[in-house]
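> Starting from these lines, generate the structure:
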Amino acid sequence: MTAGKIISVSELNVEILLNDVPVRKRDILYTTDKNGNRRRFEVAEIAGRVAVAVPFDSVFGLKKGMDLEKEEQGLSAEYSDQVLGHMFDAYGNLIDGTEMKSEAVKSVYRKPLRLADVEIGGDILWTGIKVLDFFAPMQKGFKMGLLGGAGVGKTVLIKELINNVYKGFQSNSVFIGVGERSREGKELYDEMEESGLLDKISMVFGQMGENSMARSKAVFAGLTIAEYLRDQKRQDVLLFIDNIYRFVQASSEISADMNRMPIENGYPANIESMVSEIEERINSTPEGSITSFQAIYIPADDITDEAVQTITQHLDGQITLSRKVAEKGLYPAVDVFHTRSSMIDMEKIGERHYSLVEEVLKYLARYEELEEIIAVLGIEELSADDKQIFYRSRKLRNYFTQPMAVAENFTGVPGEYVAVSDILDDVEAILSGEYDEVDELEFFMIGSYRRLHRE
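As a prediction, this is how the structure comes out:
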């Protein structure tokens, strides 16, 4: 039975005059073109007998008077063991050239866990990346943001996390690409295949060249897959979202096309509930956990941007990548002063680790002050104590660089996985003056200094 008829077409939506068929928000309507292809639309608003729906793909070829029918099931994703080793689009279709016989599907719109089912404790999750494990340690079930502008290394860091955390965690992963370049998705797929990890990961992509609908729905499809692994397989799942800001951006485009009143910087008025719907599904239960790493693009490097602030308030910590650090050739280009984690607590990581973090931050803060003094007066004008802080801080700054396994093809330097105990030993030795006679370049782009020279 016909559900309605198209009465207007715009770039990102169509208006539909509904018949007597019951239609609700998020239902899917469709029409079939002359080539037998199904053109699908998701209902976004209903006012009386007029519905506004967002097309799954281009509006090219659509026209007034087209009849639409209603699909029995709304937007769904595969909900079975077959999710691993495959790449899907935002609507749950395979895009990796393989074939798969679907076993079960589930609606991508699910309610968050009940409060009674949420598990907030968990083991510490070490990544093997020195600057992260030292300044921003994580635990299972954490939501960690990776903040940074364009070209500062967010995607490289995410790939390294997939590589390193799997080694220490032996966990399956879900990667959601939202509004990023399709080339990066293909590179990730090939790298996972070459490293033998493809059967441990499921990938969902709403690519940069696709319309707003695809970019806004990729997160929902990926979350559904992660929830399957957590709830049905009872696993600890790693969820990578690159880039969560693009989800907000795509939703803003749809909202603007519907003439909804925006707030600051053109974001929709419901930005808070929109982001909460995603973030509140990323949680842990006593049987399994979802630990998420979310890359967050910072528009114009403005960390006070409304969308950035809305996302970060849901996070347990954030890793901020800085262009100033990257320009000095220090990678990962982490700004330690804007990097935080709720795990930096004496009761959670121990007194030794906590005290070392405090001491290093004091050294690096004083180092920035000394740099300004030296630029004007020269290093000879510093006191003996300040000279000591200056040189030790430069060693610390270099020490927190690290060769990445995923960048080995470009740098020729093998990646390093560093245990947290080695990090604490090295940092303590630098602060105590044990390495005062060692040149600062000896600490650049290495793993553990003590282990390197012991071996």
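
> the longest helix in this structure is where?
Ordering each helix of the chain by length in residues (DSSP state H) puts helix 351-377 first.

> Mind giving me the packing neighbours of that helix?
Counting contacts by 3 or more CB pairs under 8 Å, 6 or more residues apart in numbering; DSSP states H and E, helix 351-377 packs against helix 130-135, helix 384-399, helix 420-432. All C-beta spots, glycine's among them, are computed from the backbone N, C-alpha and C.

> Could you single out the most deeply buried of the ones you listed?
Neighbour counts (mean count of other CB atoms under 10 Å) averaged over each of those peak at helix 130-135, with a mean of 24.

> so which of the helices and strands packed on helix 351-377 comes closest to Thr304?
Thr304 lies closest to helix 130-135 among the helices and strands packed on helix 351-377, at 21.8 Å (CB to CB).

> Report the strands that pair with the helix or strand following the closest one, each with its relative direction.
Downstream of helix 130-135, the next assigned helix or strand under DSSP states H and E is strand 138-139. Sheet partners assigned to strand 138-139 using DSSP bridges are listed as strand 124-125 (antiparallel).

> what's the average pLDDT for the partner strand?
On average, the pLDDT along strand 124-125 is 86.

> so what's the residue nearest to Leu18 when sequence neighbours are not counted bridging to?
By the measure of CB to CB, 6 or more residues apart in numbering, the closest residue to Leu18 outside its immediate chain neighbours is Gly4, 4.3 Å from it. Legend: beta-bridge partners of Gly4 under DSSP bridges are Leu18, Leu68.

> OK, contacts around Gly4?
Ile16, Leu17, Leu18, Asn19, Val21, Val23, Leu29, Ala51, Asp67, Leu68 (CB atoms under 8 Å, 6 or more residues apart in numbering).

> separation between it and Asp436?
Here Gly4 is placed at a distance of 77 Å from Asp436 (CB to CB, to the nearest Å).

> One more: Leu424?
In terms of CB to CB, Leu424 sits 19 Å off from Asp436.

> Over to Asp81?
With distances taken as CB to CB, Asp81 is found 56 Å from Asp436.

> What of Val156?
33 Å.

> out of those two, which sits in the busier spot?
The neighbour comparison of Val156 against Asp436 (other CB atoms under 10 Å) goes to Val156, with 17 against 11.

> Could I get the buried residue list for the helix or strand hosting the more buried one?
Counting by DSSP H and E, the element that carries Val156 is helix 154-169. For helix 154-169, a neighbour-count test (16 or more other CB atoms under 10 Å) marks 154-166, 169 as buried.

> Export only the CA atoms of it, formatted as CSV.
Taking Å, rounded to 0.1, in the frame of the first residue of the first chain, the C-alpha atoms of helix 154-169 are listed here in CSV:
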residue,chain,number,x,y,z
LYS,A,154,44.8,12.1,15.1
THR,A,155,44.3,9.3,12.6
VAL,A,156,47.8,8.0,13.0
LEU,A,157,47.4,7.9,16.8
ILE,A,158,44.1,6.0,16.4
LYS,A,159,45.7,3.4,14.1
GLU,A,160,48.6,3.0,16.7
LEU,A,161,46.0,2.5,19.4
ILE,A,162,44.3,-0.3,17.4
ASN,A,163,47.7,-1.9,16.9
ASN,A,164,49.0,-1.6,20.4
VAL,A,165,45.9,-2.2,22.5
TYR,A,166,45.1,-5.3,20.6
LYS,A,167,48.5,-6.7,21.4
GLY,A,168,48.0,-6.2,25.2
PHE,A,169,44.2,-6.5,25.3
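
> and after that helix, which helix or strand comes next?
strand 173-178.

> one step back: got the angle between the helix holding Val156 and strand 173-178?
Taking axes from the mean of the first three to the mean of the last three CA atoms, to 10 degrees, one finds helix 154-169 and strand 173-178 inclined to each other by 170 degrees.

> pLDDT of helix 154-169, averaged?
The model assigns helix 154-169 a mean pLDDT of 77.

> which among the contacts of Gly4 end up buried?
For the contacts of Gly4, buried by 16+ other CB under 10 Å: Ile16, Leu18, Val23, Leu29, Ala51, Leu68.

> Tell me how far the third one lies from Phe220.
Computed with CB to CB, the distance linking Val23 and Phe220 is 20 Å.

> Equivalent analysis for the fourth one, please.
With distances taken as CB to CB, Leu29 is found 18 Å from Phe220.

> go on, the fifth one?
From Ala51 over to Phe220 the distance is 20 Å, taken as CB to CB.

> do the second one as well
Distance from Leu18 to Phe220, counting by CB to CB: 24 Å.

> now do the last one
When distance is defined by CB to CB, Leu68 is 22 Å away from Phe220.

> Tell me if I am right that Val52 is in a strand.
Yes - under DSSP: H, G, I helix; E, B strand; the rest coil, Val52 sits within a strand.

> Any idea how many residues pack against the nearest residue to Gly61 once chain neighbours are set aside?
The shortest distance from Gly61 to any non-neighbouring residue, by CB to CB, 6+ apart, is to Asp33 (6.5 Å). Close neighbours of Asp33, defined as other CB under 10 Å, add up to 11.

> Asp33 against Arg40, yeah?
No - Asp33 is beyond contact range of Arg40, at 11.4 Å (criterion: CB atoms under 8 Å).

> Before we move on, what's the pLDDT of the residue nearest to Leu18?
pLDDT at Gly4 comes out at 91.

> gap between it and Ser107?
22 Å.

> Next: Met258.
For Met258, the distance to Ser107 - CB to CB - is 23 Å.

> again, but for Gln388
Applying CB to CB, the value for Gln388 to Ser107 is 62 Å.

> Quickly list what the residue most central in space within the chain is bridged to.
Centroid-nearest residue in the chain, with CA atoms, centre = their mean: Gln294, separated by 2.1 Å. Under DSSP bridges, the beta-bridge partners of Gln294 are Gly145, Ile241.

> didn't it look like it was pressed against Lys143?
Yes - counting by CB under 8 Å, Gln294 does reach Lys143; the two are 6.8 Å apart.

> List the residues that are in contact with both of those two.
Joint contacts of Gln294 and Lys143 (CB under 8 Å, 6+ apart) are Leu315.

> picking that back up, quick one: which of the buried residues of helix 154-169 is nearest Ser393?
Using CB to CB, these come closest to Ser393 at Leu157, 23.2 Å.
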